[in-house]
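Novice: okay, predicted coordinates and the sequence, questions at the end:
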Amino acid sequence: MTAQRRPPNRYFTAFCALLLGLSPPAAAQAVHFIRLEADTAQEVYRFVPARVTARPGDILVFRVVSGAPHNVAFEAAGLTPAAHEALNSALTDRSGDLSGPLLAQNGAQYRLRVPALPPGRYLFFSVSHRAYDMQGELIVTK
């Protein structure tokens, strides 16, 4: 007769983790894909989707599909100093204040980890196509 192993008690496991100073596993981060599209013949310049709901720690992947060059920049108006700094810190390879690098070729991607921002709406746009109203909205939730 073989002995059956019982799974560890979840309370015992949590207690041991607390004793060792370990934090419980965090919820998995989500990855959101946003396409950057431009069709000059149709005068269409857009982010698809234009509205993204994410939580701090989630990853936004901006991918140029057509109409390069593009970039991603956040609107400064209405940002608190802390939110401004958090976004600037999260934007790697910045090309300016609140502005990611220029993505010069179709197929290029830019990854952004959503920083610890308070819940709210954060507008973003493509600097090279701002005159064509190429903009989107990041909605940060808890």
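Specialist: Everything's here; your move. Quantities reported herein were computed from a predicted structural model and do not represent experimental measurements. Numbering: from 1, shown residues only.
Novice: could I have the CA atoms of the top strand by length along the chain written out in PDB?
Specialist: Counting residues, the longest strand in the chain under DSSP state E turns out to be strand 31-39. The C-alpha coordinates for strand 31-39 follow below in PDB (Å, rounded to 0.1, in the frame of the first residue of the first chain):
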ATOM      1  CA  VAL A  31      -0.200  42.600 -22.100                       C
ATOM      2  CA  HIS A  32      -2.100  45.000 -24.200                       C
ATOM      3  CA  PHE A  33      -1.300  45.400 -27.900                       C
ATOM      4  CA  ILE A  34      -2.000  48.700 -29.600                       C
ATOM      5  CA  ARG A  35      -1.600  49.200 -33.400                       C
ATOM      6  CA  LEU A  36      -0.400  52.500 -34.900                       C
ATOM      7  CA  GLU A  37      -2.000  52.900 -38.300                       C
ATOM      8  CA  ALA A  38      -2.000  55.600 -40.900                       C
ATOM      9  CA  ASP A  39      -3.500  55.700 -44.400                       C
END
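Novice: show me what contacts residue 74?
Specialist: Residues near residue 74 by C-beta atoms under 8 Å, 6 or more residues apart in numbering: 87, 91, 98-99, 122-124, 138. Bear in mind the C-beta positions are built from the backbone N, C-alpha and C, glycine included.
Novice: which ones among those residues map onto helices?
Specialist: residue 87 (DSSP state H).
Novice: could you let me know which of the contacts of residue 74 ends up closest to residue 69?
Specialist: residue 99 (12.7 Å; C-beta to C-beta).
Novice: apart from its neighbours in sequence, what residue is nearest that closest one?
Specialist: residue 73 (3.9 Å; C-beta to C-beta, 6 or more residues apart in numbering).
Novice: same check, this time on residue 66
Specialist: residue 37 is the one closest to residue 66 (C-beta to C-beta, 6+ apart), at 5.2 Å.
Novice: with residue 123 instead?
Specialist: residue 75 (4.0 Å).
Novice: now residue 108
Specialist: With C-beta to C-beta, 6+ apart, the residue lying closest to residue 108 is residue 64, at 4.9 Å.
Novice: give me the most central residue, this structure.
Specialist: residue 60 (3.2 Å; C-alpha atoms, centre = their mean).
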